[in-house]
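Asker: structure of the sequence below:
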Amino acid sequence: MHMQPLKSILLLAIIPVILLAPAAGLTQVTLSGGKGQLRALDADPVPTGQLYINGLYSLYLEKITTPVPVGAGIGEREELAVDHTLNIALTLGLSRSFELMLHAVPYQDNQRDLFGPIGDTRIGVKFHLPNRGSIFQTGLLGYVRLPTAPMHNIPYEGYSADAYSWGLTGLASLDLRSSSLALPVKFLANIGYQDQDWSDRYFSADYDQLLVALGFKFPIRATLLYVETSGEIFINQGESLSLRQNLLRFSSGLRFLGPAQLVFDVAADVRLGNYTPSAAEMAANPFLKRYADWKVLFGVTHRIQLFEQATEQDRVRSERRAEEEKKNEEIRKQREQVNRELEELRKKIENSPGQPPQ
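Answerer: Next up, the predicted model:
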């Protein structure tokens, strides 16, 4: 496929964004939820009480050639394979240390049906290990993936099994904005393990994968630029797969503030490794797969403030208010008791013998 027109279109779209985007502090969430870039995750969570709703659409096109009978021989027919995927993610900051995320795929092409089915659903929790005053932060992400898709391991996407799966990923962030250098750059690193079937052996099953991501982000004027590499590598298939036959990506994108306080993403994936297996190779090796050579992605994010984070002053005021309410309640009860006693005393005086008539 010729990539030059696509690159030209992306460049023409990016230039006005850089020049015209308004100033804003942008908290970024990933494709599958959680504070981060496109796939690389930050160690720290989104602000407490804030809910981020983001949708991200990806597109891939490929010209494929299939053999067809022509007369007494075999000819070729060219077709255009189109891959559309829609991702929806929710990210909620529970506290300064915890973040909750939900990822769903309402639509994905399966290259078979006219209208593609839904994908799997993922629920995760991020735990941030606070290191106050340090430019280096760490965290841990745990998640489970529910096999809600009616069809798994579809073309052009990462590997997925028709089973309940789980994963655990270590997160690290290096923020040079808080260092003595005061550089507006933040580096991210992730390394994790994904078990495609939680009912099989841990760390030794055929389809277990190593998840890796490295990236950095920095502002250009009022726009955030991010660059990253990510991979999903079969850890127990070293003899049947080389590294470049796994899913490895280079990704880059821009994030900017648009109208109605919506935040927009424009990004692109390029597959690394330069290897495309043939149909015969995939039939002989179930771990070989045809991944997308590239993808363009467009996203939009909306932020909602669900609840406010309580500060130390807020807690002191709340405790003082509770004490005052308790004292007022005690005073009210004492007054009611005095009023009852006075009423009883009045009745006794009225009913006592020799009381002159009114």
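
Asker: where in the stretch 201-350 of the chain is pLDDT low?
Answerer: For the stretch 201-350 of the chain, the stretches with pLDDT under 70 are 310-315, 317.

Asker: all strands for it, in order.
Answerer: Counting by DSSP state E, counting those that start in this stretch, one finds strands in the stretch 201-350 of the chain at the ranges 209-220, 223-234, 247-257, 263-271, 294-305.

Asker: what's the angle from the shortest one to strand 223-234?
Answerer: If you take axes from the mean of the first three to the mean of the last three CA atoms, to 10 degrees, strand 263-271 sits at 40 degrees to strand 223-234.

Asker: buried residues, stretch 327-334. List them.
Answerer: When neighbours are counted by 16 or more other CB atoms under 10 Å, no buried residue of stretch 327-334 is found. From N, CA and C alone the C-beta is placed, and that goes for glycine too.

Asker: and if you look at stretch 276-288?
Answerer: Residues of stretch 276-288 classed as buried under the neighbour-count rule (16+ other CB under 10 Å) are 277, 287-288.

Asker: tell me which stretches of the chain form helices.
Answerer: With DSSP state H, the ranges of helices along the chain come out as 4-20, 279-284, 312-351.

Asker: follow-up on the earlier one: can you lay out the strands of the stretch 201-350 of the chain as a markdown table showing mean neighbour count?
Answerer: Below are the strands of the stretch 201-350 of the chain laid out as a markdown table (neighbours: other CB atoms under 10 Å):
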| stretch | mean neighbour count |
| --- | --- |
| strand 209-220 | 19 |
| strand 223-234 | 20 |
| strand 247-257 | 20 |
| strand 263-271 | 20 |
| strand 294-305 | 17 |
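
Asker: which of those strands sits closest to I118?
Answerer: strand 294-305 (18.7 Å; CB to CB).

Asker: just checking, what packs against that closest one?
Answerer: helix 4-20, strand 50-70, strand 263-271 (3 or more CB pairs under 8 Å, 6 or more residues apart in numbering; DSSP states H and E).

Asker: mind running it again at 7 Å?
Answerer: Here strand 294-305 touches strand 50-70, strand 263-271, going by 3 or more CB pairs under 7 Å, 6 or more residues apart in numbering; DSSP states H and E.

Asker: list the contacts of H152.
Answerer: Taking CB atoms under 7 Å, 6 or more residues apart in numbering, we find H152 in contact with 160-162.

Asker: then L272?
Answerer: Counting by CB under 7 Å, 6+ apart, L272 has contacts 248-250.

Asker: which one of those residues is nearest to T91?
Answerer: The closest of the contacts of L272, once distances to T91 are taken by CB to CB, is R249, at 21.6 Å.

Asker: what about the closest one, distance to R271?
Answerer: Distance check for R249 against R271: by CB to CB, to the nearest Å, it reads 6 Å.

Asker: do P353 as well
Answerer: The separation that P353 has from R271, given CB to CB, amounts to 107 Å.

Asker: list the buried ones in stretch 90-107?
Answerer: 90-93, 99-105.

Asker: can you pull out the residues in contact with it?
Answerer: The contact list for stretch 90-107 (CB under 7 Å, 6+ apart) reads 29, 32-35, 45-53, 84-89, 116, 118-128, 130.

Asker: repeat for stretch 284-293
Answerer: Taking CB under 7 Å, 6+ apart as the rule, stretch 284-293 contacts 60, 83, 155-156, 159, 234, 237, 240-241, 245, 247, 271, 276-277, 281-282.
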